[in-house]
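fold the following, please.
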Amino acid sequence: MERMGGLLGTLRTYDRRFWTLFFVQLIVAVGFGAAMPFVSIYLHAERGMPMAHVGTIMLVSALVAAAGRIAGGELADRVGRRPLILGGMAARVMVFGWMAYAIYARESVWIVGGVFVAVRMVGGLVRPGLSAMVADVVEPEKRVEAYALFRIGQNAGWAMGPAIGGFLVTTSYASLFLLTTGASLIGLLLMAFLAGESIQRAETSRFSFRRVIDVARDARFLVFCAWSMLLYLVMGQFASTLAVFSTEIVGIAEGQLGILFTINGIVVVLFQWPAARLADRIGLRNGLVLGCLLYAVGYFSVSFASGFSLLIASMVVITLGEVVFSPTSMAAVANMAPVQRVGRYMGFFGLTEALGWSLGPFVGGHLFDALASAPVLLWGIIGAIGIVAALGFAATTGDGRIKGQQGGRGAL
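Got it, this is the predicted structure:
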């Protein structure tokens, strides 16, 4: 009881805007989680598109999302967090509705793919603003816990979303995106009525593309992004290669796939907070390395999955890697950034994430087409990439805790 009271006391210290962001993430993630795991399956199984082509669409969509994150990071610093988020959320409502119609009307798979690219683009615009607003309203020493809580909201939604999606997909694929449209609308209304602006002083210098990419001159940040991109490539197998492998090779039903992704969200909700506390205690380098190794082991174990129960075990290990790595990396980026460049740094790190997630389905799709009959080799290659990322962080990252200085740069 004393420990629970201490936790509740800690939660009460967060700004109301943080909790608004928390619930926006939760609600939007319900809709997004209901639809995203089934996009690759729709294109491949329902419409007959080869996995290599599916991976190419995912690659293009994520590259566009990456460009959106760069633009979103710059806009977050210039026009403010709130206007960017409101505009992006309104755009999400429109493109998700368009996606639902394109699937309902059985438009060409390339039209559906094109709309999916638009979906990812507007999502990319919003993300840096959300991440930067969290950094604005939370003290540097509490950011690991704050980003962990933020992800709990996102993954609580993800836990519910795929289960709902697994039910709705038996009715129609279009219904998945109708749900996502409604969830985005609710998120927009919450931001409009409950969240004020958080930035104290916007960027006032004249826009220059050179300034946007200046963050790439921060050598330690660039090295950090390089190793992160490798791990994001591994993460990118989540809703593409893993989903198709589970249904086509292992042979689980689509409803079971929804449950599998729901388990991911449940594990995040249950373990994200203690994992963040652990990462803060063991230090930055150890937290990043541990997250990478758990991802590597989790994905490699998929090669031995002969049924649903073994896929659940693999998913639990993969998710443990997620709950250690994700808040640790986000807090590190926030603390590396100068106070008036947080949006820009978040945008550039979002580019790293998007490139990794885009290369993931592209690489995984080609590996699947070539090695689906040799799962140990398929998932062994993917796991090996995670080990390379772990070795990279171990060799180049300092062993300090994730602490920062308000108005300056934190230490790696």
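
and stretch 148-168, average pLDDT?
Averaging pLDDT along stretch 148-168 gives 77.

and that stretch, how far from the chain's centre?
Here stretch 148-168 is found 12 Å from its chain centre; the criterion is Cα atoms, centre = their mean, to the nearest Å.

ok, stretch 170-180 next?
Stretch 170-180 has its C-alpha centroid displaced from the chain centroid by 22 Å (Cα atoms, centre = their mean).

which residues are contacting that stretch?
30-32, 34-35, 38, 42, 46, 96-97, 99-101, 103-104, 164-165, 168-169, 254-255 (Cβ atoms under 8 Å, 6 or more residues apart in numbering). Yep, even glycine has a C-beta here, placed from its N, CA and C like the rest.

same question for stretch 25-34.
Residues from elsewhere that reach stretch 25-34, judged by Cβ under 8 Å, 6+ apart: 92, 96, 130, 150, 153-162, 164-165, 168, 176, 179-184, 186-187, 190, 261, 265.

just to revisit the earlier point, from the contacts of stretch 170-180, keep the buried residues only.
30-32, 34-35, 38, 42, 96-97, 99-100, 103, 164-165, 168-169, 254 (16 or more other Cβ atoms under 10 Å).

nearest spatial neighbour of Ile103, chain-adjacent residues omitted?
In this structure, Ile103 finds its nearest non-sequential neighbour in Ala174, 4.3 Å apart by Cβ to Cβ, 6 or more residues apart in numbering.

check Val388 too.
Closest to Val388 by Cβ to Cβ, 6+ apart is Leu230, at 6.0 Å.

the one you found in helix, strand or coil?
helix (DSSP: H, G, I helix; E, B strand; the rest coil).

give the contact list for it.
So Leu230 contacts Gly356, Ile385, Gly386, Val388, Ala389, Gly392 (Cβ under 8 Å, 6+ apart).

and the fourth one, how far from Trp227?
Going back to what we said before, that points to Val388. Per Cβ to Cβ, to the nearest Å, Val388 is found 8 Å from Trp227.

more neighbours: which of these two?
Trp227 (24 against 14; other Cβ atoms under 10 Å).

wait, isn't the more buried one in contact with Ala389?
Yes - Trp227 is within contact range of Ala389, at 5.1 Å (criterion: Cβ atoms under 8 Å).

quick check: chain neighbours aside, which residue is closest to the residue nearest the centre of the chain?
Centroid-nearest residue in the chain, with Cα atoms, centre = their mean: Glu353, separated by 7.8 Å. Ranked by Cβ to Cβ, 6+ apart and with sequence neighbours excluded, the top spatial neighbour of Glu353 is Tyr232, at 5.1 Å.
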